[in-house]
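*Asks:* With the sequence up front, the predicted model follows.
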Amino acid sequence: MKALAIDLGGTKLAVAVFSHDGHIVERAVYPLELRSGAAVGVMITAAVQQMQPHGFDAIGVAVPGISRRQTGTVWAPNIPGWDDYPLLAELRAVAGDIPIHIEGDRSCYIMGEAWQGRAQGCTNAIYLAVGTGIGAGILADGRLLHGAADISGAIGWMALQRPFHHEYVSCGCFESMASGEGIAKAARALIAKDDGYKGMLQHGHLQAKDVFAAYATNDRVAVAVIHQSIELWGMAAANLVSLFNPEKIIFGGGVFGPAAQFIPAITAEAARWAQPVSMGQVKIEAAALQSDAGLYGAAYLAFHA
């Protein structure tokens with residue numbers, strides 16, 4: 001048995017045919033190149049057709065947003081025109097009777113790690129994805145958590161600071177300060193307040209990767225921003241430990257990456273806040289599958305839908 005895994009991101013589409021034991025038989029990556037709406041759907045169905053000669057018995061799809069399982073539609077905020085996109089219907093038009101399973105990407109991340117990564121053997125584990133935004137895939141008692149409207153895991157809205165600021169409306173408190181975008185924003189805000197700053201973060205198009213590079217040179221703005229991020233990542237992990245009593249919390253996404261070096265510091269911060277018995281048995285680790293976690297998770301869900 002083989003499965004076709006599809007991982008749709010904000011900038012690229014990755015597809016791969018998997019064998020049942022987790023090996024990739026064939027894979028391809030396509031840049032979205034500013035496509036939106038139906039053009040992205042056409043790209044996905046074309047990729048399915050291109051992979052059909054390799055043979056597959058099921059399809060799993062990871063989407064960057066919410067998969068509405070009752071309707072087969074998708075909300076993907078980073079893809080214009082995907083407010084309620086009929087992805088399942090379009091896939092059925094080219095795949096026929098082949099079973100199709102569509103999930104939000106964060107759910108695929110945790111299932112990928114549970115299948116072939118750091119969460120193998122776990123029935124309670126959480127993938128904390130930190131990239132442009134922040135979300136969590138939650139495996140509880142061996143089941144993926146979806147919630148009443150398939151929105152479980154939107155932890156970018158976790159409240160970690162008071163008072164409330166208007167900037168939290170669009171992406172949430174946690175995400176506004178400790179995502180990739182949040183790290184760059186925090187650095188810009190500190191530079192604006194520091195008249196004497198002459199460091200390497202003065203250029204206008206600041207990104208999180210620049211802050212990590214500056215941190216390695218002991219740049220004072222970068223050090224302050226990264227220390228704040230470590231505190232917030234630790235607090236979030238502590239809340240998840242106390243709520244879900246997981247065996248593992250896996251940090252992944254584009255920021256981890258360069259932030260994987262801070263896992264010990266994040267763990268120490270989490271231990272200050274978390275329920276102590278639960279904290280004593282959890283392991284906090286960096287993801288093993290990195291950018292392929294969504295593909296592996298989509299394949300696993302295709303096999304086990």
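*Replies:* Perfect, I can see it now.
*Asks:* hey, let's count contacts and neighbours off CA atoms from now on
*Replies:* Noted.
*Asks:* for stretch 230-249, what is the average pLDDT?
*Replies:* Per-residue pLDDT over stretch 230-249 has a mean of 98.
*Asks:* meant to ask about stretch 198-208, not that
*Replies:* For stretch 198-208, mean pLDDT is 89.
*Asks:* CA-only coordinates of it, as PDB, when you get a sec.
*Replies:* Provided in PDB are the C-alpha atoms of stretch 198-208 (Å, rounded to 0.1, in the frame of the first residue of the first chain):
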ATOM      1  CA  LYS A 198      24.500  51.200  16.600                       C
ATOM      2  CA  GLY A 199      24.300  47.400  16.100                       C
ATOM      3  CA  MET A 200      23.700  45.100  13.100                       C
ATOM      4  CA  LEU A 201      19.900  45.200  13.300                       C
ATOM      5  CA  GLN A 202      19.500  48.800  12.100                       C
ATOM      6  CA  HIS A 203      18.400  47.900   8.500                       C
ATOM      7  CA  GLY A 204      14.800  48.400   7.600                       C
ATOM      8  CA  HIS A 205      13.800  44.800   6.400                       C
ATOM      9  CA  LEU A 206      14.500  43.100   9.700                       C
ATOM     10  CA  GLN A 207      13.600  39.400  10.000                       C
ATOM     11  CA  ALA A 208      13.800  36.800  12.700                       C
END
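*Asks:* Pull out the buried positions in it.
*Replies:* Across stretch 198-208, burial judged by 16 or more other Cα atoms under 10 Å covers 201, 206-208.
*Asks:* what does that stretch rub up against?
*Replies:* For stretch 198-208, the external contacting residues (Cα atoms under 8 Å, 6 or more residues apart in numbering) are 180-181, 183-184, 187-188, 191, 210-211, 214, 219, 255.
*Asks:* could I get those as TSV with secondary structure?
*Replies:* Shown next, in TSV, are those (DSSP: H, G, I helix; E, B strand; the rest coil):
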residue	secondary structure
G180	helix
E181	helix
I183	helix
A184	helix
A187	helix
R188	helix
I191	helix
D210	helix
V211	helix
A214	helix
D219	coil
V255	coil
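*Asks:* As JSON lines, those residues with neighbour count and distance to P31 would be great.
*Replies:* Rendered in JSON lines, the data for those read as follows (neighbours: other Cα atoms under 10 Å; distance: Cα to Cα, whole Å):
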{"residue": "G180", "neighbour count": "23", "distance to P31": "21"}
{"residue": "E181", "neighbour count": "20", "distance to P31": "21"}
{"residue": "I183", "neighbour count": "28", "distance to P31": "26"}
{"residue": "A184", "neighbour count": "24", "distance to P31": "25"}
{"residue": "A187", "neighbour count": "23", "distance to P31": "30"}
{"residue": "R188", "neighbour count": "20", "distance to P31": "30"}
{"residue": "I191", "neighbour count": "19", "distance to P31": "34"}
{"residue": "D210", "neighbour count": "17", "distance to P31": "24"}
{"residue": "V211", "neighbour count": "23", "distance to P31": "26"}
{"residue": "A214", "neighbour count": "18", "distance to P31": "29"}
{"residue": "D219", "neighbour count": "18", "distance to P31": "34"}
{"residue": "V255", "neighbour count": "22", "distance to P31": "20"}
